[in-house]
Every structure is written in structure tokens, then in C-alpha cells.
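1. give me a model of this one.
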Amino acid sequence: MTRVLVIGGGIAGTAVALGLRKAGFDVAVYEAHPDTAEDMGAFLTLASNGMRALAQLGATDAVTAVGFPLTSLRLLDHEGTELTHAPLGEVAEPALRYRCLRRGELNAALQGEADRRGIRLRHGARLVAVTDGPRGVTARFADGSVTHAELVVGADGLNSTVRRLLTPGVRPSYAGQRVFYGYSGTATGADGTGVITMIRGSETAFGYAVSPAGRTYWFARVTTEPLPAHRSAHRAPWREELLPLLRKDSTPAADIVAASEGPVMVTNAWEMPLGTVWQRGRVVLIGDAAHAASPATGQGASMALEDAVVLAKALRDLPDPPAAFTAFERHRRRRVEHNITVSGGISRGSRNPSRPGRVMARPMEPDAALIRQLAWDSPLSAAPPEEP
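-> Numbering: from 1, shown residues only. Modelled structure (predicted):
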């Protein structure tokens, strides 16, 4: 069997390992973090397209065992007036409903499924070099260990080492917003399990959902200067910065944040430039390593799961790795770069007093072409069909 080395044991890396194993490849995952990182990161939502990709990987049960479903979307303006309340995603099919969960829970669920299938996952393995030779790829790690494979998949996220080695100088840029995440107990206005509420604030974009246990998961996006690099993604008491902005509006947001339990997490919103290199020789990038976007559309994890299915199918169905990598890129680039553009536009345009910014884009639900592309039993062509 062709041996594939996946660098990164997060969402994209573990999911592509599941797909590659299902397609018949010998796959191993190397993750820099020393454990499953169950408490790493904030929460996220998996959209129906991401849940559909999970189903093709046979990982639905592992993921629906954690988090909770979201079945409708409510939108409020800065005065607390409800503008719309509508079904969210493919509500009729329980396995395809949106899901809200902690990022670490999703990582742990996918890693547990990989372990159950006998996929080797080594923690604490920090990549330092990749050498692409005529007979395969050699990967070297910080602890001095060396491993060989026919192919390498770089799924190591926003600050990808594989991308840095592949294309030195290409790096993400600030998308114009700081993003806050927190959790609250019972808070005024935080009702409606199964509902995600988005608020078009005068100074912020805010969203929250309530778990079946009554815990409120919330986020806020604020257009401002980026955090200094050494402070990004660190947990700290950021309520003092956020609450004055939320209190300018007549919405539940300020009360929810004031009731937060524990520290609030804040990070910069980043995005990759369009048209970057995804592949070279026996190495290919997927997920945030290739096409990180601002979180405004809420599609980062779902796009990574789509990548996992399409790359596994490409390597299964195309005659050789160069053809497979090229097909993967042809099928994926238009969609993910559209997401970068839309999400970045929302982030950079959300602060305009005369025109309250959007909280999120219209959900990117699967169309017939994407459904066929993700369907495991449907062969992947060398190129997607041309759009009309």
C-alpha cells in the first residue's frame, strides 16, 4: 500500500487520515501537540456540508456523541428586534443538522475514531524538515526522529510548518477583527436550545447558542487593531474590553458576557491570500494550511472536512499523485477561495454606523454538484464540471 504521512492531528489531518484509510492507504498522523488537546481552542459550528463530509468518512456517530444540534437561526438588530427566524441547514436529516461543539471535543472525537480504526497517531512530533526525493518523502522531527513515506499531506493549520517549508514567505494576514469566545451559565435572554442567535450590533457582531444543559456558548467579533503576536489566542480576562461595546445596544449580549464563567478567549481573525501554492512534488496542503479564512462564515471546520473527502477520493481514483493533487485543487480552489473572499468581506465591512454589518453569510449549503463530489461511491473526475 502507498504510505501517506499526515502532518497535523487536528480536524483536517485526522479527517483526511480517516478518508485515506477508507480508500486503502497506509496512513500515519504526526501531531506537534503532546496530547489530544481536548481543551484546546474555543467552540465552533459544523454546518450541514461538514456533517455530510463526516458521514462519508463514517464518523457521524463519533462526532454527534459530543456537542449539540442547531436547527434554526435567529437574527436580531442592535435594538434587540428580531429580523428573521428560520430553519438552519438540512434540518430534516438528523445526521446533517448543524452542530455546536468545542474545537477540542471535535479533535478528540476524530482522533478516537482514528485510533479505533488502527490509524497510527503520534503526539509530540514537531516537524522541522521535509525532503522530497525520487523515491519518496523524508520527514524530520525536532526530537531527531525520521520517517519516510510516498506522500505527505500538510494539515497543520494556520501556522503550517509544511506550508513554510513548501512556500517560504507565504503567510496569513490579519482579516480586520479580533474574535472573542466564552461560556456563560443561565443569562437573561439566552434561551432557545437548538437555536443560534446572531446579533448585528452597532460595534460588534455577536452570536450565541444554548446547550441542552443550559450553558451559553457565545462569540463576538470586533473590528479593531490586531492583538500583538505574543498575546493572540491566549486566555485572559477580556470582558473589560468587550462589555462597553456591547452595552451600547439593547440586546442580550452584554448580560451573556457579564455572566461568563472563567476567562474569555480572544484571537485575531486571519486569512490566507488567494492563489497560493497548495502542492509541490509529493506534498500537498489541505484545510487552514492551504486556505484559512476569517471565521465570519463559520465554515473553516466544514471546509476542512470537505477537503478530507475530496483528497482521499482523488488519490483513490486518479492514476498517480500529481494527477490526484491537481484534481483535488481543481475541485476545491474555487469554493474555498470564495469562502475566504466572502468571510473576509464580512469581517472588514462589519463596522459601519450607517449600515450595520452582517454577522455571517448566507449558509453555504450543499448543492447537487457538491453532494456528488462528496459522495464516497461516486468516482472523482480529473476536473469538476464547468459551471453554467
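2. how close does the closest residue to residue 98 other than its chain neighbours sit to residue 216?
-> Using CB to CB, 6 or more residues apart in numbering and skipping the chain neighbours, the partner closest in space to residue 98 is residue 70 (4.0 Å). Yep, even glycine has a C-beta here, placed from its N, CA and C like the rest. The spacing between residue 70 and residue 216, counted by CB to CB, to the nearest Å, is 13 Å.
3. would you map the strands across the stretch 251-388 of the chain?
-> 264-271, 279-280, 283-285 (DSSP state E, counting those that start in this stretch).
4. let me know which of the ones you listed is tucked in deepest.
-> strand 283-285 (a mean of 27; mean count of other CB atoms under 10 Å).
5. that one pairs with which strands, parallel or anti?
-> strand 151-154 (parallel), strand 279-280 (antiparallel) (DSSP bridges).
6. in stretch 217-231, which residues are buried?
-> 217-223, 226-227 (16 or more other CB atoms under 10 Å).
7. what comes into contact with that stretch?
-> Applying CB atoms under 8 Å, 6 or more residues apart in numbering, the contact partners of stretch 217-231 are 42-43, 100, 174, 176-184, 203-211, 232, 242, 245-246, 253, 256-257, 260, 266-269, 295-296, 347-348, 350-351.
8. narrow those to those that are buried.
-> In these, the ones that pass as buried (16+ other CB under 10 Å) are 42-43, 100, 174, 176-184, 203-211, 242, 245-246, 253, 256-257, 260, 266-269, 295-296, 347-348, 350-351.
9. give me the neighbour count for residue 10.
-> 28 (other CB atoms under 10 Å).
10. next: residue 126.
-> 15.
11. right, and it touches residue 142 too?
-> Yes. Residue 126 is in contact with residue 142 according to CB atoms under 8 Å; the separation is 4.1 Å.
12. joint contacts of residue 70 and residue 216?
-> residue 209.
13. higher neighbour count, those two?
-> A direct count of neighbours by other CB under 10 Å for residue 70 and residue 216 places residue 216 higher, at 25 against 21.
14. for that one, grab phi and psi.
-> Main-chain dihedrals, residue 216, degrees, to the nearest 10: phi -100, psi 120.
15. ok, the one 3 residues further on next?
-> Reported as degrees, to the nearest 10, the phi and psi values for residue 219 are phi -140, psi 160.
16. also residue 139?
-> In terms of degrees, to the nearest 10, the main-chain angles of residue 139 are phi -110, psi 130.
17. what's the angle from the longest helix seen in the chain to strand 264-271?
-> Longest helix in the chain, counting residues (DSSP state H): helix 321-349. Put simply, helix 321-349 runs at 120 degrees to strand 264-271, going by axes from the mean of the first three to the mean of the last three CA atoms, to 10 degrees.
18. picking that back up, from what I see, the residue nearest to residue 98 and residue 45 are in contact.
-> Yes. When contacts are counted by CB under 8 Å, residue 70 is listed as touching residue 45 (6.5 Å).
19. what touches both of those two?
-> Contacts common to residue 70 and residue 45, judged by CB under 8 Å, 6+ apart, are 98-100, 196, 209.
20. dump the residues you listed into a markdown table; add distance to residue 157 as well.
-> Putting the shared contacts of residue 70 and residue 45 into a markdown table (distance: CB to CB, whole Å) gives the following:
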| residue | distance to residue 157 |
| --- | --- |
| 98 | 23 |
| 99 | 21 |
| 100 | 21 |
| 196 | 25 |
| 209 | 24 |
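21. which one of the residues you listed is nearest residue 281?
-> Comparing the shared contacts of residue 70 and residue 45 against residue 281 with CB to CB picks out residue 99 as the nearest, at 36.8 Å.
22. low-confidence ranges, the chain, go.
-> Along the chain, segments meeting pLDDT under 70 span 36-41, 186-192, 230-236, 350-366, 387-388.
23. can you rerun that using 80?
-> 1, 35-41, 186-193, 229-237, 262-263, 349-366, 385-388 (pLDDT under 80).
24. what segments of it are helices?
-> Under DSSP H, the chain gives helices at 11-22, 48-56, 60-64, 103-116, 161-166, 239-246, 253-258, 288-291, 300-317, 321-349, 368-374.
25. other residues contacting the last one?
-> So the one you mean is helix 368-374. 49, 52-53, 56, 306, 309-310, 331, 335, 366, 378, 380, 384-385.
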